[in-house]
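Asker: Compute the structure for the input listed below.
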Amino acid sequence: MDRELGNPGALMTSPSLLRLGPVDAGEVLTLQRAAYVPEAREHENLDLPPLLETFEQAKEVLGDPACFAWGIRESGRLVASVRIVVDGGAGLVGRLIVAPDKQGHGLGSSLLLAAEAAAPPSVTVFRLFTGERSAGPLRMYRKLGYVETHRTPEKHYELVHFEKPRVRTGGPVR
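Answerer: Next up, the predicted model:
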């Protein structure tokens, strides 16, 4: 199975952009925990779902045909990943993570844009949420064209929900 994402050079030149699956669950989970600990501290909530997800749950989600997971490797190391779960015409973006030592270099933005482009043609809108104290992600989502739609309470903070219509560029959609 060819796991390379079509035309990754349009967004990035050196990292390897790959489709992730159940075989990657352990590595994804390790990266996920490292990336979400600072978020948990910022929100004073160590019970964030990404920190509680088990290996079996990660493996199951990554094997779900409705889940399209992508990652970036540098020198063989998984340094970023994202999941898009297709629900009708919506692509539900989740678990956009970048290794703490690689944050702030554009990997998250590049990966999210590549994942949006690679989502199935049935996806017409992307939706995601993050905590209100996640300054970097909030800035990035707005910069990438996501618009805040609403907020929901979560413990002693709010979740900020975003939406972005799919923008199709170039030739025919495959």
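Asker: Which single strand of the protein contains the most residues?
Answerer: The strand that spans the most residues within the chain, counting by DSSP state E, is strand 77-87.
Asker: Mind checking the pLDDT average for it?
Answerer: Strand 77-87 carries an average pLDDT of 96.
Asker: do the same with stretch 53-67
Answerer: In this model, stretch 53-67 carries a mean pLDDT of 96.
Asker: how about it: buried residues?
Answerer: 53, 58, 59, 61, 62, 67 (16 or more other Cβ atoms under 10 Å). All C-beta spots, glycine's among them, are computed from the backbone N, C-alpha and C.
Asker: Mean pLDDT per helix and strand in the protein: which one sits at the bottom?
Answerer: strand 16-20 (a mean of 85; mean pLDDT, DSSP states H and E).
Asker: Next, the angle from the helix or strand just after that strand to strand 77-87.
Answerer: Per DSSP states H and E, the first helix or strand lying C-terminal to strand 16-20 is helix 25-42. In terms of direction (axes from the mean of the first three to the mean of the last three Cα atoms, to 10 degrees), helix 25-42 departs from strand 77-87 by 90 degrees.
Asker: got the angle between helix 25-42 and strand 16-20?
Answerer: 100 degrees.
Asker: which other helices and strands contact helix 25-42?
Answerer: helix 49-52, helix 55-63, strand 77-87, strand 90-98 (3 or more Cβ pairs under 8 Å, 6 or more residues apart in numbering; DSSP states H and E).
Asker: and residue 43, which of these is closest to it?
Answerer: Closest approach to residue 43 among the helices and strands packed on helix 25-42 is made by helix 49-52 (11.1 Å; Cβ to Cβ).
Asker: residues making contact with the closest one?
Answerer: With contacts defined as Cβ atoms under 8 Å, 6 or more residues apart in numbering, helix 49-52 is touched by 32, 33, 35, 36, 37, 40, 95, 97.
Asker: what about the last one, how many residues close to it?
Answerer: Spelled out, it's residue 97. 26 (other Cβ atoms under 10 Å).
Asker: from memory it sits against residue 33, does it?
Answerer: No - using Cβ atoms under 8 Å as the test, residue 97 is too far from residue 33 to be in contact (9.3 Å).
Asker: Name the spans of this structure whose pLDDT lies under the cut-off.
Answerer: Low-confidence segments of the chain, defined by pLDDT under 70: 1-16, 169-174.
Asker: try 50
Answerer: For the chain, the stretches with pLDDT under 50 are 1-14, 173-174.
Asker: re earlier: now a PyMOL select for only the buried ones of the contacts of helix 49-52.
Answerer: The buried residues among those can be selected in PyMOL (16+ other Cβ under 10 Å) with this line:
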select buried, resi 32+35+36+40+95+97
